[in-house]
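Participant: need a 3D model of the sequence below.
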Amino acid sequence: MLGAGSTTFVSPSWQLIAWTVACLLLVPCGVVTGAKGRWGWLTVGLVLGGLPWLGAAFLSAAPGSWWARRAARRAG
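Facilitator: Below is the predicted model of the structure:
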């Protein structure tokens with residue numbers, strides 16, 4: 001039985017929210033950065049906690065990368 005004043009809902013901590021945002025936002029951007037062959041940006045993102053991947057994911061793909069080959073196959 002619950003005591004007086006207790007709640008059944010526990011609010012998430014800021015750490016849980018930060019990890020959720022990192023997993024849902026930064027990790028996919030890191031994967032896209034790697035698929036585009038931007039290895040320098042990928043390394044810098046690993047050092048700086050993934051933040052550079054947000055911008056690097058929007059850069060054009062390096063020639064010969066998986067992303068560039070996939071785009072060429074779709075276009076032609």
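
Participant: run through this structure and note the low-pLDDT ranges.
Facilitator: Confidence mapping of the chain against pLDDT under 70 gives the ranges 1-9.

Participant: and for Ala68, the neighbour number?
Facilitator: Using other Cβ atoms under 10 Å as the criterion, Ala68 is surrounded by 16 other residues. To be clear about C-beta, it is placed using only N, CA and C from the backbone, and glycine gets the same treatment.

Participant: please apply the same query to Trp19.
Facilitator: Counted with other Cβ under 10 Å, Trp19 comes out at 12.

Participant: that one is in what secondary structure piece?
Facilitator: Using DSSP states H and E, Trp19 maps to helix 14-21.

Participant: pull out the buried residues from the next helix or strand after that helix.
Facilitator: Sequence-wise, the next helix or strand downstream of helix 14-21 (DSSP H and E) is helix 27-35. Buried residues in helix 27-35, counted by 16 or more other Cβ atoms under 10 Å: 29-30, 32-35.

Participant: likewise stretch 11-21?
Facilitator: By neighbour count on 16+ other Cβ under 10 Å, the buried set for stretch 11-21 is empty.

Participant: CA-only coordinates of it in PDB, if you can.
Facilitator: C-alpha atoms of stretch 11-21 as PDB (Å, rounded to 0.1, in the frame of the first residue of the first chain):
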ATOM      1  CA  SER A  11       9.900  11.800 -13.200                       C
ATOM      2  CA  PRO A  12      12.900  10.900 -15.300                       C
ATOM      3  CA  SER A  13      16.200  12.400 -14.300                       C
ATOM      4  CA  TRP A  14      18.100  14.700 -16.600                       C
ATOM      5  CA  GLN A  15      20.700  12.000 -17.200                       C
ATOM      6  CA  LEU A  16      18.100   9.700 -18.600                       C
ATOM      7  CA  ILE A  17      16.800  12.400 -20.900                       C
ATOM      8  CA  ALA A  18      20.300  13.300 -22.100                       C
ATOM      9  CA  TRP A  19      21.100   9.600 -22.900                       C
ATOM     10  CA  THR A  20      17.800   9.300 -24.700                       C
ATOM     11  CA  VAL A  21      18.500  12.400 -26.800                       C
END
